[in-house]
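Colleague: just need the structure, nothing else, for what follows:
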Amino acid sequence: MDMRNDKGALWGNWTMMEWLKKKVCQSVFSNDLFWRTYARHKIDLIEEREGKLYAYECKWKDITHKTPKEWTANYPGVPVEFITSENFFPFIVWHNPAFVFPSGLNWYSCISLYNNWNEKKI
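Modeller: Numbers count the residues shown, from 1 in each chain. The predicted structure follows:
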C-alpha cells in the first residue's frame, strides 16, 4: 500500500464504505455530509444524529493531525475524530452483526487481539 500515490483516497473510500455497511446493519439513521472550504480544508464525514454532530477525518498515517481552524471557529463543541490505519477497527467493525469471522475466531478472540494490538502495537 505504501507504494501507491492514491492510498489516502483509497483509505478514505474504503473506510467510509465499511462505516456505511455498519450503519445499515445496526439500523443507525443519520444525515451524512462532508465539509470543505474554498481553501481546500476538509472533513470527510459529518454525521448528524439525535440532535448532535460527529465529525470524522480519514488519514492513512497515524501522525499528529490538525483540525481546520475554520471548523473549530464555526463548530466549537464538535471535535474531529481522526480514523487511521492504526485505530479504524472499532469505527467499522465493533458490534457489527454482519461481520464474518475468519475460521477459528469469534468476538472474544477479536476483541482480545484488538486490545493486545492497540496496547502493544503488535
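
Colleague: give me the pLDDT for T84.
Modeller: For T84, the pLDDT comes out at 87.

Colleague: quick one: it and K59 touch, right?
Modeller: Yes. T84 is within contact range of K59, at 5.1 Å (criterion: CB atoms under 8 Å). From N, CA and C alone the C-beta is placed, and that goes for glycine too.

Colleague: roughly how far apart are the residue nearest to the spatial centre of the chain and T15?
Modeller: Centrality entry for the chain: nearest residue to the mean C-alpha point is I83, 4.0 Å, by CA atoms, centre = their mean. Going from I83 to T15 by CB to CB, to the nearest Å gives 6 Å.

Colleague: overlap in contacts of these two?
Modeller: Contact criterion CB atoms under 8 Å, 6 or more residues apart in numbering; residues shared by I83 and T15: C58, F91.

Colleague: state the helix or strand in which N87 lies.
Modeller: Per DSSP states H and E: N87 is located in neither a helix nor a strand.
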